[in-house]
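Peer 1: missing the sequence, but the structure's below:
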């Protein structure tokens with residue numbers, strides 16, 4: 001029996017409202033996720049509650065994922081595999097998985113209203129920049145699903161970033177961090193290679209994961225690390241409107257950030 005949604009919902013509801021009524025509402029929300037009950041996407045443009053925010057983020061993530069996959073004219077098998085693997089990773093089943101698939105198909109349709117969708121997402125999450133950052137990072141991963149980034153995909157990413165309020169410069173830096181993060185994660189999963197070249201590349205990627213260089217001071221690196229950990233903290237993101245089923249994405253990100261910082265500090269001792 002799945003009960004973690006109810007437990008986490010109860011705790012987050014209590015933390016946010018400081019009373020038992022809010023905790024019970026949180027537990028009910030968690031119960032919906034435990035049961036795989038679908039989210040209501042009928043009011044995505046005017047989110048006023050946590051459930052509305054979660055529904056907006058959930059639908060927007062998968063619909064824009066579909067748009068991103070179709071950016072160069074056709075959806076490749078790599079992009080379909082990425083979307084499927086992402087749903088598997090989040091443990092989406094039943095109604096929630098069906099809704100994710102339908103949102104993905106919506107995004108692939110000709111004339112998908114990207115600007116309108118992004119505007120509604122921003123309205124739904126308010127000033128929660130951490131959620132928008134995570135959203136953009138997910139779309140970047142879709143763009144790199146086939147291992148490369150062509151001009152159409154890059155243009156689509158710039159449209160998405162601009163719609164969320166990010167400049168071209170900010171997107172380029174984020175792209176570098178995401179690419180390095182993917183390499184860093186793969187190197188970490190595969191175990192450390194003792195060759196000087198491999199270990200040097202691993203350390204170089206670690207710096208890029210944190211958005212710093214070996215020229216930055218220890219205090220600057222620590223500040224960057226703390227900021228990234230705060231931005232991607234799973235509990236904080238859920239409290240701000242991230243659907244609990246999507247916590248795994250933030251968890252992996254924080255693990256990579258932590259590992260990168262530990263590698264850098266170990267090398268600098």
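Peer 2: Looks like it came in fine. Note that the coordinates shown come from a computational prediction; the quantities given were computed from them, not determined experimentally.
Peer 1: now for the helix or strand encompassing residue 60, which elements pack on it?
Peer 2: If you go by DSSP states H and E, residue 60 is part of helix 50-69. Packing contacts for helix 50-69, counted by 3 or more Cβ pairs under 8 Å, 6 or more residues apart in numbering; DSSP states H and E, involve helix 20-34, helix 77-89, helix 94-108, helix 114-125, helix 129-143, helix 151-164. No exception for glycine: its C-beta is placed from N, CA and C like everyone else's.
Peer 1: distance from stretch 148-159 to the middle of the chain?
Peer 2: Computed by Cα atoms, centre = their mean, to the nearest Å, the chain-centroid distance of stretch 148-159 equals 18 Å.
Peer 1: most tightly surrounded among the helices and strands packed on helix 50-69?
Peer 2: Sort these by mean neighbour count, taking mean count of other Cβ atoms under 10 Å, and helix 129-143 sits at the top with a mean of 20.
Peer 1: flag the shaky bits of the stretch 101-250 of the chain, pLDDT-wise.
Peer 2: For the stretch 101-250 of the chain, residues meeting the criterion pLDDT under 70 lie at 127, 185, 188-198, 240-241, 243-246.
Peer 1: neighbours around residue 230, how many?
Peer 2: 11 (other Cβ atoms under 10 Å).
Peer 1: just give the nearest non-adjacent residue to it, would you?
Peer 2: residue 236 (7.1 Å; Cβ to Cβ, 6 or more residues apart in numbering).
Peer 1: helices and strands around the host helix or strand of the one you found, which ones?
Peer 2: For residue 236, the element it lies in under DSSP H and E is helix 234-240. Judged by 3+ Cβ pairs under 8 Å, 6+ apart, helix 234-240 is in contact with helix 4-17, helix 129-143, helix 247-267.
Peer 1: what are the buried residues along the longest helix seen in the chain?
Peer 2: Using DSSP state H, we find that the single longest helix of the chain is helix 168-190. For helix 168-190, burial by neighbour count (16 or more other Cβ atoms under 10 Å) applies to 171, 174-175, 177-185, 187-188.
Peer 1: same thing with stretch 222-232?
Peer 2: Those buried within stretch 222-232 under the rule 16+ other Cβ under 10 Å are 222, 224-225, 228-229, 231-232.
Peer 1: and stretch 52-66, how far out from the chain's middle?
Peer 2: 11 Å.
Peer 1: list the buried residues in that stretch.
Peer 2: Quick answer for stretch 52-66 (16+ other Cβ under 10 Å): 52-66.
Peer 1: same question for that stretch, mean pLDDT?
Peer 2: The average pLDDT within stretch 52-66 is 89.
Peer 1: can you check stretch 80-96 too?
Peer 2: 84.
Peer 1: ends of it, how far apart?
Peer 2: End-to-end distance of stretch 80-96 (Cα to Cα, to the nearest Å): 17 Å.
Peer 1: mind putting the helices and strands packed on helix 234-240 in a markdown table, distance to residue 75 included?
Peer 2: Output for these, formatted as a markdown table (distance: least, Cβ to Cβ, whole Å):
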| stretch | distance to residue 75 |
| --- | --- |
| helix 4-17 | 31 |
| helix 129-143 | 10 |
| helix 247-267 | 21 |
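Peer 1: mean neighbour count, the ones you listed: which tops it?
Peer 2: Using mean count of other Cβ under 10 Å, helix 129-143 ranks as the most buried of the helices and strands packed on helix 234-240, with a mean of 20.
Peer 1: angle of that one against helix 77-89?
Peer 2: 140 degrees (axes from the mean of the first three to the mean of the last three Cα atoms, to 10 degrees).
Peer 1: just checking, what packs against helix 129-143?
Peer 2: helix 50-69, helix 77-89, helix 114-125, helix 151-164, helix 168-190, helix 218-232, helix 234-240, helix 247-267.
Peer 1: for residue 71, which three-state class applies?
Peer 2: When classified by DSSP: H, G, I helix; E, B strand; the rest coil, residue 71 comes out as coil.
Peer 1: excluding its backbone neighbours, what's nearest it?
Peer 2: Nearest non-adjacent residue to residue 71 (Cβ to Cβ, 6+ apart): residue 156, at 3.8 Å.
Peer 1: please consider this matter closed, and thank you.
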